[in-house]
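Enquirer: Everything below, folded, please.
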Amino acid sequence: MADLFGDVAPPPPAPPADAPLADRLRPPALAEVVGQDHLTGPEGAIGRMVAAGKLSSIILWGPPGTGKTTIARLLADAVGLRYIQLSAVFSGVADLKKAFAEAREHGRAGRRTLLFVDEIHRFNRAQQDGFLPYVEDGTITLVGATTENPSFELNAALLSRAQVLILQRLDAAALDTLLARAEALLDRPLPLDAAARAALVASADGDGRFLLNQAETLFSVGIDGTLDPAGLSAFLQRRVAVYDKDREGHYNLISALHKSLRGSDPQAALYYLARMLTAGEEPLYVLRRLVRFASEDIGLADPQALVQCLAAKDAYDFLGSPEGELAIVQACLYCATAPKSNAAYKAQKAAWKSARDTGSLMPPPNILNAPTRLMKEIGYGKGYAYDHDAEDGFSGANYWPAEMTPERFYTPTERGHEKRIAERLAWWDERRQR
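Expert: I've put the predicted structure just below:
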């Protein structure tokens with residue numbers, strides 16, 4: 001039975017001289033994969049599997065250009081498995097069925113198959129379910145690669161049958177190693193001074209493939225002398241930060257912004273705000289989160305925080321971008337530096353729970369509305385104490401249903417404006433006790 005994608009149990013032939021630099025520099029062994037020692041080293045999950053000669057199904061989760069495809073191919077070689085590669089972007093059900101049939105045929109001959117599926121999260125739920133019987137009966141060892149959080153994108157059933165291994169974005173040392181290998185392969189240095197070399201590494205944002213593509217561009221063009229950072233910036237396009245507004249990067253950054261604000265770190269909060277807005281986040285989304293934060297994490301400790309956030313929304317609506325973004329910055333800094341309290345947030349949750357638990361209890365008669373004679377005759381509004389007529393403007397009357405014991409939902413903190421509120425509540429409580 002002929003293989004659809006080629007039977008590549010032996011190491012693949014070396015790429016031709018005109019192949020992309022990133023392909024020519026693919027490492028020939030797991031030990032030479034850079035930046036993932038926590039997985040490929042002797043104590044890592046992959047290192048232990050290879051040492052044992054037994055590979056379980058795995059999901060490789062990590063940013064672009066961190067070695068997912070390379071690791072999958074080297075794993076097949078390391079444990080002696082036949083290797084098939086599919087891309088979920090270009091493959092459908094027919095391709096999967098053919099790959100499974102080939103794997104089963106080779107399995108009967110005693111040769112197991114590693115099926116590598118790139119961008120596996122792009123398969124829909126039904127297609128993902130299609131892997132299950134073949135993983136369970138050992139027809140294939142599945143290695144899936146994804147840049148998206150598997151918890152959100154992959155079926156629970158598939159996740160339960162595979163180990164998720166997290167690849168890290170490549171750090172500066174790993175990226176510099178890739179540049180050194182490129183220079184050794186081409187037998188000449190990059191036309192960059194030390195500062196420009198550091199800037200090139202930083203521009204890759206942890207993506208080894210992007211870095212090597214940029215290096216290949218520099219190698220392919222005759223450059224006289226060496227470039228400084230300004231010259232490099234003019235020569236190469238700036239990398240746009242990885243940020244999908246409906247995926248994990250979006251939620252990670254808004255979480256980081258919210259927690260930096262809560263932790264009263266205006267510098268970190270401003271950094272994450274900048275990360276979101278420069279990556280193309282919708283400013284009104286950020287403003288909505290700031291308004292929510294002003295109520296949830298500041299509340300009455302500084303009632304002006306909510307006013308500032310709503311004013312920033314109005315200013316942005318009025319000015320647009322980029323002028324209106326300064327108002328967002330002002331609101332962000334105000335929230336970060338304001339006294340914090342979640343007392344209003346906790347009070348809402350407690351009050352909502354009590355309302356659900358107590359159902360439709362009638363308020364006490366003294367505070368019921370009595371617009372008609374009949375309602376007055378049956379006691380609605382009887383005995384109501386008008387607080388403005390009482391001493392100090394406080395009657396101390398009971399406002400709770402007869403079947404309920406008064407509850408305390410809101411407990412102000414001793415921070416900011418809430419300290420004064422706490423004193424006022426204590427003053428009223430003392431008079432109620434009288």
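
Enquirer: residues near residue 387, how many?
Expert: 12 (other C-beta atoms under 10 Å). Where C-beta positions appear, they are placed from N, C-alpha and C, glycine not excepted.

Enquirer: give the contact list for the residue nearest to it when sequence neighbours are not counted.
Expert: Counting by C-beta to C-beta, 6 or more residues apart in numbering, residue 387 lies nearest to residue 395, which is 4.7 Å off, once chain neighbours are set aside. If you count contacts by C-beta atoms under 8 Å, 6 or more residues apart in numbering, residue 395 has them with 385-387.

Enquirer: I figured residue 128 was touching residue 153, is that so?
Expert: No. Look at residue 128 against residue 153 with C-beta atoms under 8 Å: they stay out of range, at 9.2 Å.

Enquirer: what bits of the protein have low per-residue confidence?
Expert: Scanning the chain for pLDDT under 70 picks out the ranges 1-14, 237-248.

Enquirer: Need the outlier residue of it, farthest from its centre.
Expert: residue 377 (62.2 Å; C-alpha atoms, centre = their mean).

Enquirer: Tell me which helix or strand comes right after the host helix or strand of residue 201.
Expert: In this assignment (DSSP states H and E), residue 201 forms part of helix 194-203. Sequence order places helix 208-220 as the next helix or strand after helix 194-203, per DSSP H and E.

Enquirer: what residues does that next one touch?
Expert: 20-22, 25, 34-35, 64-67, 170, 174-175, 178-179, 182, 186, 188, 190-192, 200-201, 203-204, 227, 235-236, 239.

Enquirer: Take these and keep only those in helices.
Expert: 21-22, 174-175, 178-179, 182, 186, 200-201, 203, 235 (DSSP state H).

Enquirer: any residues touching the helix holding residue 201, and which ones?
Expert: Residues contacting helix 194-203 (C-beta under 8 Å, 6+ apart): 172, 175-176, 179, 190, 192, 211, 214-215, 226-229, 231-233, 236, 238-239.

Enquirer: cool, stretch 160-168 as well?
Expert: 35-36, 38-39, 45-46, 56-63, 66-68, 71, 132, 135-136, 142, 144, 150, 206.

Enquirer: ok so, going back, got TSV for the contacts of residue 395, with secondary structure and distance to residue 357 too?
Expert: TSV is the format used below for the contacts of residue 395 (DSSP: H, G, I helix; E, B strand; the rest coil; distance: C-beta to C-beta, whole Å):
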residue	secondary structure	distance to residue 357
385	coil	28
386	coil	31
387	helix	29
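
Enquirer: Distance to residue 112 for those - can I get that in JSON lines?
Expert: Formatted as JSON lines, the contacts of residue 395 follow (distance: C-beta to C-beta, whole Å):
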{"residue": "385", "distance to residue 112": "84"}
{"residue": "386", "distance to residue 112": "86"}
{"residue": "387", "distance to residue 112": "82"}
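
Enquirer: closest to residue 296 among the residues you listed?
Expert: residue 387 (30.6 Å; C-beta to C-beta).

Enquirer: Quick one: residues contacting the closest one.
Expert: 393-395, 397.

Enquirer: Could you pick out the buried ones from the residues you listed?
Expert: residue 395 (16 or more other C-beta atoms under 10 Å).

Enquirer: residues near residue 21, how many?
Expert: 22.

Enquirer: for this structure, what spans make up the strands?
Expert: Assigned by DSSP state E, the strands in the chain fall at 58-61, 82-87, 113-118, 140-146, 163-166.

Enquirer: and the fourth one, what other elements does it pack with?
Expert: If I follow you right, that is strand 140-146. strand 58-61, helix 68-79, helix 93-108, strand 113-118, helix 132-136 (3 or more C-beta pairs under 8 Å, 6 or more residues apart in numbering; DSSP states H and E).

Enquirer: Among the ones you listed, which comes closest to residue 289?
Expert: Of all the helices and strands packed on strand 140-146, strand 58-61 comes closest under C-beta to C-beta, at 26.2 Å.

Enquirer: Please name the strands paired to that closest one in the sheet, noting orientation.
Expert: strand 140-146 (parallel), strand 163-166 (parallel) (DSSP bridges).
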